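1. please work out how this folds:
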Amino acid sequence: MSTVNYADRDPALRPLLDRVLSADDRVRVEPLLDELGALAGGELDRQAALADANPPQHVPYAPDGARIDEIACHPAHDRVASIAYERFGLAAMSHRPGVLGWPAKVPHTVKYALSYLYVQSEFGMACPLSMTDSAARVLRLFDPERYAAEIAALSSTDPGRRATGAMFMTEKQGGTDVGLTETVATDRGSHWTLTGGKWFASNPGADVILTLARIPGQGEGTRGLGMFLVPRLRPDGTRNSVRIDRLKDKLGSRSIASGEVTLDEAYATPVGRLTDGFRQMAEMLNVSRLSNAMRATALMRRAVRESVDHTRIRQVFGKPLFDQPLMRATLLPMILDTEAALHLVVEAAARLTAADEGDRSAQALVRVLTPLAKYTLCKRARTVTGEAMEIRGGNGYIEDWVNPRLVRDAHLGSIWEGSSNVIALDVLRCMRRQNAHATLAGTYGDRPATRDRWELLRKKGDALLQLPSDVQEMSIGRYAGELTRAVMETLLHDQAEHEVRTTGDGRALLVARTYSATLDDPDPAALPRPALDHFAALADGGPVPLARLQEDDRV
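-> As a prediction, this is how the structure comes out:
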């Protein structure tokens, strides 16, 4: 039975939080890191495996033939849900003070750090968690007085009171093109009714559903869409006309239900101004996309830990795999990319906190950092989890081990809330409308270690925007990846400067310099010598003598 504490085994998490959190918040979060890290390495991991092996089941009818459309869940599902929603308040902490003893709302940095630990064991539950969190956010931003009770329920940690949220957006004929939404809203005076079908509806048994529907006479495309709240129960307590047609048999994320849903004159009420429906849904999507990037990072961390632990004990030709040069060349980019990803997620979370407090420059940064993180990290998670499966060998393909689940779950992030191409085009949209690449260069391009790279990227972005639009679209994927890696490189050097100054330890500096070296030349033969000399410290943490790095001009 596992006794691993995932917080203790993470060489980057605590040092990063030392830098980005206030002293008081850092003290408050420490016991939570310890508790959740132990749960993630023990009970949560065991319950997550059970929940994955026993997916929710659709119960359309009661024994007497009445339509009930309930979702029956295994007790393991309920246990992992209670840890997330009730013990740690992961869906509540951004919306009210007092959660986990915080005097004010918990910073997004803390929420994503704790969620990152949680997801290393239970990926699926993070989907309804994110939607519940995002639904409360949208209602709070756009219609707080009307929906005060719903916000309170969505942000409750009381098992008898708390509600879960969902976002029903995709329709069969529309997919990514939300402007093709066909669900129709009808004004009934005291409320509206919605009629139509939703093709992908995760958490279909949610208490609070936010969805888009077409307002007659409001226009075509996205401008004709309004946002509505569809409750599970009507005000009189009867079941709403939300029919679950079937549950999806998914590749991954099997611990939570996703279904096809028909709204048959379902009771609904408008959220904010009905002319702002798509803009409001975009707010919900953007936060969900950052959650996707966090989840991808958590999967990478779990995959790296599994690989390092396996290679340390696996003997091949009389020598541990961990000590063999080719294996180290395989592990190193996985280790570096995972650590860089954590820095990007925490940076985006910190900027989101500032944006919520009214910082306009932070709002502009979040607008581009979120799609960059989702685009790059979700794609990379597929590779890292796949490499980890191969590193474990035949056992990595067997369901007794966690690797197949990591691989299955990793593919979700690049698809839901916008596939990679959609997200890359969102980055291009930010460049066209807000000159986002110049904003990034202005924010991160003044550090000596990365200044030259940012100057090149700024010029490259300027040149890209002068190309024909079809060429811009063909080029944006690669350029978005370059922007993301430059942000991560800069953040790693920021962390290195902090640790050198405050602790005198050279590990973060070694990580940053090695990451920069791999961007300049990915050939393993070109790796700086200190990365090989201190490989164990890169993999597991531990001190790296600063003097060694300062003496060696090969770094």
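2. tell me who's in contact with the nearest residue to V422 once chain neighbours are set aside.
-> The shortest distance from V422 to any non-neighbouring residue, by Cβ to Cβ, 6 or more residues apart in numbering, is to T176 (5.2 Å). (Glycine included, C-beta is placed from N, CA and C.) Each residue near T176 by Cβ atoms under 8 Å, 6 or more residues apart in numbering is listed here: G418, S419, V422.
3. ramachandran coordinates for T176?
-> Main-chain dihedrals, T176, degrees, to the nearest 10: phi -60, psi -30.
4. cool, P528 as well?
-> Dihedral angles for P528 - degrees, to the nearest 10 - are phi -60, psi 140.
5. bridging residues for G196?
-> L263 (DSSP bridges).
6. tally of neighbours for it?
-> 20 (other Cβ atoms under 10 Å).
7. so it makes contact with T183?
-> Yes - assessed by Cβ atoms under 8 Å, G196 is found in contact with T183 at 2.7 Å.
8. which neighbours do the two share?
-> Between them, G196 and T183 share the contacting residues E171, A213, L263, judged by Cβ under 8 Å, 6+ apart.
9. could I get those as TSV with pLDDT and distance to A12?
-> What follows is the shared contacts of G196 and T183, written out as TSV (pLDDT from 0 to 100; distance: Cβ to Cβ, whole Å):
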residue	pLDDT	distance to A12
E171	94	41
A213	97	44
L263	98	45
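10. from those, which is closest to L519?
-> E171 (40.9 Å; Cβ to Cβ).
11. how about that closest one, what does it touch?
-> L180, T181, E182, T183, G196, G197, K198, W199.
12. where in the stretch 451-555 of the chain is pLDDT low?
-> Along the stretch 451-555 of the chain, segments meeting pLDDT under 70 span 551-555.
13. same thing but at 90, please
-> Low-confidence regions of the stretch 451-555 of the chain, defined by pLDDT under 90, span residues 522-530, 532, 547-555.
14. any stretches of this structure with poor pLDDT?
-> 1-3, 173-177, 284-286, 416-417, 522-530, 532, 547-555.
15. and the strands in it, which stretches?
-> Taking DSSP state E as the criterion, the chain carries its strands at 57-61, 67-72, 165-168, 184-187, 192-202, 208-214, 225-231, 242-247, 258-270, 315-316, 319-320.
16. report the contact partners of A436.
-> A364, R367, V368, V427, C430.
17. my read is that the first one contacts Q434, right?
-> Right, A364. Yes - with contact defined as Cβ under 8 Å, A364 reaches Q434; the gap is 6.1 Å.
18. those two: which is more packed in?
-> A364 (19 against 13).
19. that one and D356, how far apart?
-> 14 Å (Cβ to Cβ, to the nearest Å).
20. kindly report the same for S241.
-> S241 is 36 Å from D356, by Cβ to Cβ.
21. do R67 as well
-> For R67, the distance to D356 - Cβ to Cβ - is 41 Å.
22. quick one, which of these two is more surrounded?
-> More crowded of R67 and D356, by other Cβ under 10 Å: D356, with 17 against 12.
23. ok, how many other residues are close to the nearest residue to that one once chain neighbours are set aside?
-> Leaving out its chain neighbours, the residue that sits closest to D356 by Cβ to Cβ, 6+ apart is H108, at 7.7 Å. The number of residues packed near H108 is 25, by other Cβ under 10 Å.
24. roughly how far apart are H108 and V304?
-> Distance from H108 to V304, by Cβ to Cβ: 24 Å.
25. wait, T443 touches L365, no?
-> Yes - between T443 and L365 there is a contact at 6.3 Å, judged by Cβ under 8 Å.
26. the more surrounded of those two?
-> More crowded of T443 and L365, by other Cβ under 10 Å: L365, with 25 against 18.
27. quote the end-to-end distance of stretch 235-252.
-> Stretch 235-252 has an end-to-end distance of 35 Å (Cα to Cα, to the nearest Å).
28. buried sites along that stretch?
-> Neighbour counts using 16 or more other Cβ atoms under 10 Å place N240, S241, V242, R243, I244, D245, L247, K248, K250, G252 of stretch 235-252 among the buried residues.
29. where do the helices sit along the stretch 401-550 of the chain?
-> 403-413, 420-434, 436-444, 451-465, 469-502, 507-520, 529-533, 535-540, 546-551 (DSSP state H, counting those that start in this stretch).
30. as TSV, those helices with distance to V80 would be great.
-> Output for those, formatted as TSV (distance: least, Cβ to Cβ, whole Å):
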stretch	distance to V80
helix 403-413	13
helix 420-434	28
helix 436-444	37
helix 451-465	41
helix 469-502	30
helix 507-520	32
helix 529-533	37
helix 535-540	28
helix 546-551	42
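31. out of these, nearest to D187?
-> It's helix 420-434; of those, that one is closest to D187 (Cβ to Cβ) at 32.1 Å.
32. which other helices and strands does that closest one contact?
-> helix 360-392, helix 436-444, helix 451-465, helix 469-502 (3 or more Cβ pairs under 8 Å, 6 or more residues apart in numbering; DSSP states H and E).
33. recalculate using a threshold of 7 Å.
-> The contact analysis (3 or more Cβ pairs under 7 Å, 6 or more residues apart in numbering; DSSP states H and E) places helix 420-434 against helix 360-392, helix 451-465, helix 469-502.
34. residues of that helix that come out buried?
-> S420, V422, I423, A424, L425, D426, V427, L428, C430, M431.
35. kindly report the same for stretch 439-446.
-> Quick answer for stretch 439-446 (16+ other Cβ under 10 Å): T439, L440, A441, T443, Y444, G445.
36. and the contacts of it?
-> A364, L365, V368, T450, R451, W454, E455, L457, R458, L483, V487, T490 (Cβ atoms under 7 Å, 6 or more residues apart in numbering).
37. mind checking how far the last one is from I391?
-> Using Cβ to Cβ, one gets 30 Å for the distance from T490 to I391.
38. what about those two, which has more around it?
-> Neighbour tally, T490 and I391, criterion other Cβ under 10 Å: the higher count belongs to T490, 26 against 22.
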